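Chemist: Please work out how this folds:
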Amino acid sequence: MDSMESIEKVFRFLVNRGADITVRTPEGDNLLQLAAKHKNWPVVELMLKRRASPYEPDSEGFSVIHRLAEYTGRNLSALFMLFNKTAVMTSRTPSGETFFTACSKTWKHPCGEIPGSGSKGANPRLRSSVGDTALHLAARHNNWDIVERLVEHGCDLNEPDSEGFYVLHRLAQTAQRRLVWWSSRETPEDTLFRTLLNKGTNVSVRTSAGDSVIQLAAKDGNWKIVERLLELEWDLNELDSEGYNVLHRFAQTTRQTQVQDDIFFSTLLNKGADVSVQCRTSDTALHLSAKCNNWKIARFLAHQGCDMNQPDSEGCYILYRIAQEVDGCRKDR
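Modeler: Next comes the predicted model:
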C-alpha cells in the first residue's frame, strides 16, 4: 500500500467515524484549501466529491484551481477535468462586472458560497490576490497541459498577467518543450502555439517592457520558435527593451541553435533584417558575433559586405578579436 492510498483510506475512515470536515485552521483555511496548498490532490478530490466549494480563496488569496495551475510536479490534467464549466463564468454584478472581478477587489475576504456552486466546477476566471487567473499561473509555471485545458474552457488569451506577460509571451520563453508549427511531424504536444492562434490570440501583444513575442523568443535563444514566427510579419530591425534586434541576438548565440544556421540567417535577411543596424551600444551584428566568438555567423555577415574595418564599442577591430581568441577561431574552421 503506497502512502497516498493509505492517506485516502485513513481520511475516509475518520470521516465515516464522524470527523468534522468543516473545521478550519487558525488562519481560516478549510480542509480543501489546506489539501490544495500542500498539493495533496487525493484529499482535494475527496473533498470536491463531497461538494466542498472550490471558489473560496484561501488565507493567501489562492483558490483550488490556482493551486492546481501552479503545480508542475506531474500531469494533473485528469484532476482538472473535475472542474466543470458553469454559468457563473458569465454572471455579472449590477455594475456590469463579472462576479469574480468584483470579488478580486476585496480578495482578502472570503467570498463564501457562490450561487451555482452545487457542482464541483471551479471558475477558470477566478483571480488570485494580485489579479492573475489560473491561465496566467499555469503559463507562468510552464504547466502547458493545464493551459490547454483552460484554453478549451474559453479563458481570455489576450489579457496580460500581473507581470505584464501574455500567455503567448510565456510560451515564447519556454525552452523545455518542442514547439513546432504546421509540421508534418507535429505531435499532440507540439500544437499549443497553433491552438492559441486558432483561439484568437493576438500575436502583436507586447510585454510591459515593450518586447514583442519574437523579441522574447530571440532573447531566450528559442530559435525554433523564432523560425516559425518568421512565417508572420515582423519588424526585425526593431530593438528590444535591452537594445538588441533579432539578428543581434542570433549573432551572440554561443550554444546550439536547433536550426540550420545558414538557412535561418538567409531567412532573416529575406524577411528584411538589416546587417548594418547598430544595437544600443553602437555595435553591429558583426561586432557582436566577434565579441562572442561566433565565427560562423561572423563569416556569414562578412559575406554580406559588413564593414570589417570599423571598430566596435570597445575600440576593437574584428581582427583584434580573432587574434585574442585563436582557439575559438580554430574550432569553427
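Chemist: Now do stretch 202-217: distance from first to last residue.
Modeler: Taking Cα to Cα, to the nearest Å, stretch 202-217 runs 16 Å from one end to the other.
Chemist: and what of stretch 288-305?
Modeler: Stretch 288-305: ends 16 Å apart by Cα to Cα.
Chemist: neighbours around the closest residue to S241 other than its chain neighbours, how many?
Modeler: Nearest residue to S241, sequence neighbours excluded (Cβ to Cβ, 6 or more residues apart in numbering): A209, at 4.0 Å. Every residue, glycine included, has its C-beta placed from N, CA and C. By other Cβ atoms under 10 Å, 12 other residues sit near A209.
Chemist: ok, A209 to S63 distance?
Modeler: When distance is defined by Cβ to Cβ, to the nearest Å, A209 is 29 Å away from S63.
Chemist: chain center to stretch 285-304, what's the gap?
Modeler: Offset of stretch 285-304 from its chain centre (Cα atoms, centre = their mean, to the nearest Å): 31 Å.
Chemist: In the stretch 51-200 of the chain, where is pLDDT below threshold?
Modeler: Counting by pLDDT under 70, the ranges of the stretch 51-200 of the chain that qualify are 69-129, 175-191.
Chemist: Show me what the longest helix anywhere in the chain is packed against.
Modeler: In the chain, taking DSSP state H as the definition, the longest helix is helix 3-16. Helices and strands touching helix 3-16, by 3 or more Cβ pairs under 8 Å, 6 or more residues apart in numbering; DSSP states H and E, are helix 41-49.
Chemist: Could I get the buried residue list for the helix it packs on?
Modeler: 41, 43-48 (16 or more other Cβ atoms under 10 Å).
Chemist: Switch those over to TSV, and while doing so, append pLDDT to every line.
Modeler: What follows is the buried residues of helix 41-49, written out as TSV (pLDDT from 0 to 100):
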residue	pLDDT
W41	81
V43	86
V44	85
E45	82
L46	85
M47	85
L48	82
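Chemist: related to what we said a few turns ago, which residues are contacting the longest helix of the chain?
Modeler: In this structure, residues lying in contact with helix 3-16 by Cβ atoms under 8 Å, 6 or more residues apart in numbering are 1, 21, 40, 42-43, 46.
Chemist: between that helix and helix 41-49, how many degrees?
Modeler: 30 degrees (axes from the mean of the first three to the mean of the last three Cα atoms, to 10 degrees).
Chemist: tell me what the next helix or strand after helix 3-16 is packed against?
Modeler: Where DSSP states H and E defines the elements, the next helix or strand beyond helix 3-16 is helix 31-37. If contacts are counted by 3+ Cβ pairs under 8 Å, 6+ apart, helix 31-37 sits against helix 41-49, helix 64-70.
Chemist: how about CSV for the ones you listed, with distance to E242 added?
Modeler: Conversion of those to CSV gives the following (distance: least, Cβ to Cβ, whole Å):
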stretch, distance to E242
helix 41-49, 40
helix 64-70, 28
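Chemist: What residue spans form the domains of the protein?
Modeler: 1-156, 168-234, 243-333 (automatic domain parsing).
Chemist: Which among those is found nearest to S162?
Modeler: For these, the distance to S162 is smallest for domain 1-156, at 4.3 Å, taking Cβ to Cβ.
Chemist: which one is D235 nearest to, not counting chain neighbours?
Modeler: Nearest residue to D235, sequence neighbours excluded (Cβ to Cβ, 6+ apart): G272, at 7.7 Å.
Chemist: Could you do W234 as well?
Modeler: In space, W234 is closest to I214, 5.2 Å off (Cβ to Cβ, 6+ apart).
Chemist: So that neighbour versus E238, what's the distance?
Modeler: For I214 relative to E238 (Cβ to Cβ), the value is 9 Å.
Chemist: out of those two, which sits in the more crowded spot?
Modeler: I214 (25 against 14).
Chemist: Could you check which helix or strand contains the more buried one?
Modeler: Short version, using DSSP H and E: I214 is in helix 213-219.
Chemist: Output the contacting helices and strands for that helix.
Modeler: Secondary-structure packing of helix 213-219 (3+ Cβ pairs under 8 Å, 6+ apart): helix 167-172, helix 223-229, helix 246-251.
Chemist: so which of those helices gets nearest T201?
Modeler: That would be helix 167-172 among those, by Cβ to Cβ, at 5.3 Å.
Chemist: ok, residues contacting that closest one?
Modeler: Counting by Cβ under 8 Å, 6+ apart, residues outside helix 167-172 touching it are 135-136, 139-140, 142, 144, 147, 157, 179, 192-193, 196, 201-203, 205, 207, 211, 213-214, 216-217, 220, 222, 225, 229.
Chemist: following it, which helix or strand comes up?
Modeler: In N-to-C order, the element after helix 167-172 by DSSP H and E is helix 192-198.
Chemist: I'd like to know how far the most centrally placed residue in the chain sits from L157.
Modeler: For the chain, R170 is the residue whose C-alpha lies nearest the centre (Cα atoms, centre = their mean; 2.4 Å). For R170, the distance to L157 equals 11 Å [Cβ to Cβ].
Chemist: Also L216?
Modeler: 16 Å.
Chemist: the more surrounded of those two?
Modeler: L216 (24 against 21).
Chemist: That one against T207, yeah?
Modeler: Yes - the pair L216 / T207 is scored as a contact, 7.0 Å apart, by Cβ atoms under 8 Å.
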